[in-house]
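1. just coords:
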């Protein structure tokens, strides 16, 4: 059995299928609402990318902080040496 992913059908889309999907979207939303819809999708994608970058940077900084504390040598207690 061939394993499938939820988006594996996208590989088989050709020009006629893409045109048909665009026509259906145009019929559902109309010509006036289509630019607004695309704009909101673009804003959502940008917001998602920013949130993803923020989370990645938080994780990286936490990993760097933790690796710095693990790598630092343990400080030995000072003992007075006889002179």
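-> On my side now, so go ahead. It should be emphasised that the depicted structure is a prediction, and the values quoted were computed from it without experimental measurement.
2. Phi first, then psi, for residue 66.
-> Main-chain torsions, residue 66, degrees, to the nearest 10: phi -70, psi -40.
3. cool, residue 14 as well?
-> Per-residue torsions, residue 14: phi -110, psi -180 (degrees, to the nearest 10).
4. how close does it get to residue 43?
-> 30 Å (C-beta to C-beta, to the nearest Å). Every C-beta, even on glycine, is put in place using the N, C-alpha and C of the backbone.
5. the more surrounded of these two?
-> Legend: neighbour count by other C-beta atoms under 10 Å for residue 14 and residue 43, higher for residue 43 (10 against 7).
6. which element is that one on?
-> Using DSSP states H and E, residue 43 maps to helix 15-71.
7. Let me see the contact set for the residue nearest to the spatial centre of the chain.
-> The C-alpha lying nearest the average C-alpha coordinate of the chain belongs to residue 52 (C-alpha atoms, centre = their mean; 4.4 Å). The contact partners of residue 52, by C-beta atoms under 8 Å, 6 or more residues apart in numbering, come to none.
8. okay, now residue 53: neighbour count?
-> Residue 53 is flanked by 10 other residues according to other C-beta under 10 Å.
9. Likewise for residue 37?
-> Residues lying near residue 37 (other C-beta under 10 Å) number 13.
10. Since that was my last question, I'll sign off now.
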